[in-house]
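Student: build me a model:
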Amino acid sequence: MVLTYFRQIAQDSIGLASLLLVCCTCLSTQANAESISFKQQVAPVLLQHCIACHGPKRAEGGYRLDTIEQLLKPGDSGEKPVVDTAPLQSEIYIRMTSHDENVRMPADSEALGKSTTEIIRQWIAEGSKFDSESKSEALWSLIPPANYPTPVESYPHGIPVTAMVFSPDGKELYTSGYYEVLVWDIPSGKLARRIPNQVQRIYAIEFIQDGSFLAVGGGTPGELGEVRIVNLAGHLVEKVIGRTYDMVLDVVRHPNASEIAIASADNTIRIIELKTMTVRKTLQSHADWVLQVAFSDDGTRLASASRDKTAKVFAVETGEMVVSYPGHASGVRGIASCGDGSQWISVGGDNQWHRWSVDGAKKIASVPLGSEPIRLRRQGEFAWVGCADKKALTFDLKKNAIHQKLESLEDVVSSVAVDLSSNKVATGCHNGKVSIWNASDGSLAMSWMAKP
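Tutor: Model (predicted):
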C-alpha cells in the first residue's frame, strides 16, 4: 500500500511538482558540471549498502544487483528498478528514500544519507548511463582499485593479528594491521616499517618473486576481496589481482614460485600465474567459504579447507577434483600436505586434528585439540595450529601426536608463522599480542603488542 501511494504521487504530480523536479534537476546538473560515473560513484554505493542482501548468494525479494544486467531486472514486485531520467519512478530510488522502515532499503540499518541518495538520484536523472563496456561483469570488477585511507599514527588498542609471515632471512616478522602491513624487527620487537594502502582486514601475507614482492590478501566482509602485490623496494602497490565480491582468506605460493593459489569467501579458489598476473584456473567445487589452501610438496596437487564441512584435493594442472574428505563432519578450518600429496592433515570444527589418505578419503589418525582450531602451518615433519583456548599446538607427523604446547597466551591464537631455518615460531593473538617461540624446545623468546 505504501509503495503504491508513493508511486501514485510520483505519477500524479505532473503539473507544478514535475516542473519543479525538472528545474531542480537542471540546476543540479549545472551545479555538478561532471556527470555521475556509474563505476566511480554508483557501483561503490551499491556494493557497500545493497549487495549483501541482493547478491548471487542471497537475493531478497528476488532482486539482484551484482551485475548491470541483474540491476536492471525487476524483482518479485515486478517494478522497474531503474527508469531512465525518472528517479521517482525507479524502484531502487523509491526504496532508498522511503520514510517507511518496512519499505526503505537497506533494511535493518540506518537510512542512507542525503549525499548518498543524491548520487543515485542524479545518475538516474542523467539517463542512467553505464560507463562500462560489459553489463555481465561482476559489479565489484568494474570499480577501479581503491587507494585506501592513510593508517592512523597510533592505534588506540590492539587489533586481531589475523596474518603473519617471517621475512626470508628470518630477521623480521610481517603482521596484519588496519589498512596496512606492519613490519617488526625480531631482535628488538620494535616496529621497523609500515606498508600502507592495503585492504581493511588482512587475512594472508605471502612472499613472492624471490622475496622481493609481497602478496597481501583480505578485504571488507560482504563487499570486496583482493590481493595486493607490493614491491618491497618502495612499498608501492604494483598490481591488484584476485578481486571478488567477498574477502580473500588465504594466499599460498606454489613450490616452484610460478603461481599462487587464492582462497576466498565467495566459495572459490583461483590459481594465478605470477608472470602474467592472470587467473589460470578458477575452482568452484565448494558450497561455502574456502578458509585455507595448500600445495603438496611436489606442486602437483592443491588442497582446500572449507566451511562446507569438506576438505578437497585438486590436480593443479587440470583443476579437476581428485577427492573430497568429509571426515570432520563440520567446517574445516585448516589444511596442509604431508609431503607428495598422497596424505593430508586437516583441522576442523569438530576440534580434531585428522590425518587422511587421498586413496579412498580414508582417515589414518585423529587427535583431540581441546578447542576450536585455526589454519595449519607445516614445515618438514612438524605442523602448528593455533587454538581458541589461548594455546598453540605442535604436531609430530611421524608419530601423529602432539609434540609441544605453546601456552601462557593471553587470547585466542588467530595466526601462526613458522621459520625453522631460524628456529622460530610466531603466534598472533586476537588482542594484538605477538609472541616468538623457540621451535626446538617450545620456550618463549619474546613478545610484544603489535600496534604502532
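Student: show me where the stretch 1-150 of the chain has helices.
Tutor: 2-12, 16-31, 43-49, 68-71, 91-97, 114-125, 139-142 (DSSP state H, counting those that start in this stretch).
Student: low pLDDT regions in the stretch 51-200 of the chain?
Tutor: Along the stretch 51-200 of the chain, the model assigns pLDDT under 70 to no residue.
Student: let's go with 90 and repeat that
Tutor: 51-53, 55-59, 66, 100-103, 107-110, 131-146, 187 (pLDDT under 90).
Student: show me where it has its strands.
Tutor: Per DSSP state E, counting those that start in this stretch, the stretch 51-200 of the chain carries strands over the ranges 164-166, 172-176, 181-185, 190-195.
Student: next SSE after the longest one?
Tutor: Proceeding N to C from strand 190-195, the next assigned helix or strand is strand 201-208, under DSSP states H and E.
Student: who touches the closest residue to L72 other than its chain neighbours in this structure?
Tutor: Nearest-residue entry for L72: V82, 6.0 Å, with adjacent residues in sequence omitted and distances by Cβ to Cβ, 6 or more residues apart in numbering. For the C-beta atoms, the positions are set from N, CA and C on the backbone; glycine is no exception. By Cβ atoms under 8 Å, 6 or more residues apart in numbering, the residues touching V82 are 71-72, 90-92, 124, 128.
Student: dihedrals phi and psi, V82?
Tutor: Main-chain dihedrals, V82, degrees, to the nearest 10: phi -130, psi 120.
Student: related to what we said a few turns ago, among the strands of the stretch 51-200 of the chain, which is nearest S264?
Tutor: Among the strands of the stretch 51-200 of the chain, the nearest to S264 by Cβ to Cβ is strand 172-176 (16.8 Å).
Student: sorry, back to before: report the buried members of the contacts of V82.
Tutor: When the contacts of V82 are checked for burial by 16 or more other Cβ atoms under 10 Å, the buried set is 71, 90-92, 124, 128.
Student: name the nearest of the residues you listed relative to P196.
Tutor: So of the buried ones among the contacts of V82, ranked by how close each gets to P196 (Cβ to Cβ), first place is L71, at 33.0 Å.
Student: pretty sure the closest one contacts P81?
Tutor: Yes. Counting by Cβ atoms under 8 Å, L71 does reach P81; the two are 6.3 Å apart.
Student: residue boundaries of the strands in the stretch 251-400 of the chain?
Tutor: Going by DSSP E, counting those that start in this stretch, the stretch 251-400 of the chain shows strands at 259-264, 269-273, 278-283, 290-295, 301-306, 311-315, 321-325, 332-337, 343-348, 352-357, 362-368, 373-379, 382-387, 392-396.
Student: distance of the most centrally placed residue in the chain from A388?
Tutor: Among the residues of the chain, the one closest to the centroid is M247, at 1.5 Å (Cα atoms, centre = their mean). Distance, M247 to A388, by Cβ to Cβ, to the nearest Å: 20 Å.
Student: same deal with Q343?
Tutor: Distance from Q343 to A388, by Cβ to Cβ: 26 Å.
Student: go on, D210?
Tutor: 36 Å.
Student: settle it for me: which of the two has more neighbours?
Tutor: Neighbours of D210 and A388, each counted by other Cβ atoms under 10 Å, are more numerous for A388; the result is 17 against 8.
Student: just list the residues touching the more buried one, thanks.
Tutor: 371-373, 412-413.
Student: want to try TSV for those, with distance to A426 as columns?
Tutor: Below are these laid out as TSV (distance: Cβ to Cβ, whole Å):
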residue	distance to A426
S371	20
E372	20
P373	17
V412	15
V413	10
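Student: out of those residues, who's nearest E320?
Tutor: For the contacts of A388, the minimum distance to E320 (Cβ to Cβ) is 28.6 Å, reached by P373.
Student: in the sheet, who's paired with the residue nearest to that closest one when sequence neighbours are not counted?
Tutor: Nearest residue to P373, sequence neighbours excluded (Cβ to Cβ, 6+ apart): V347, at 3.9 Å. Counting by DSSP bridges, V347 forms beta bridges with G334, W353.
Student: which residues does V347 contact?
Tutor: 305, 332-335, 353-354, 369, 373-374, 376, 385.
Student: burial of H99, as a residue count?
Tutor: 9.
Student: and A329, by the same measure?
Tutor: Neighbour number of A329 under other Cβ under 10 Å is 12.
Student: how near is it to A439?
Tutor: 32 Å.
Student: go on, Y174?
Tutor: Distance from Y174 to A439, by Cβ to Cβ: 18 Å.
Student: neighbour count winner among these two?
Tutor: Between Y174 and A439, Y174 has the larger neighbour count (other Cβ under 10 Å), namely 25 against 22.
Student: intersection of neighbour lists for L71 and P81?
Tutor: 65, 92.
Student: of all the contacts of V82, which two lie farthest apart?
Tutor: Applying Cβ to Cβ across these, the maximum distance is between E91 and S128, 12.6 Å.
Student: quick one, what contacts W289?
Tutor: Applying Cβ under 8 Å, 6+ apart to W289 gives the contacts 249, 264-265, 267, 306-308.
Student: run the last query once more with 7 Å
Tutor: Going by Cβ atoms under 7 Å, 6 or more residues apart in numbering, W289 touches 249, 265, 267, 306-307.
Student: tell me the predicted confidence for it.
Tutor: In this model, W289 is scored at 97, pLDDT.
Student: mind showing which ranges of the stretch 251-400 of the chain have poor pLDDT?
Tutor: 339.
Student: hang on, the earlier thing: ok, so of the contacts of V347, who is nearest Y178?
Tutor: Checking these one by one against Y178 (Cβ to Cβ), the nearest turns out to be I374, at 19.7 Å.
Student: give me every residue that touches the closest residue to P221 other than its chain neighbours.
Tutor: Counting by Cβ to Cβ, 6+ apart, the nearest residue to P221 once its immediate chain neighbours are dropped is M247, at 5.9 Å. Applying Cβ under 7 Å, 6+ apart to M247 gives the contacts 201, 203, 218-219, 221, 225, 264-265.
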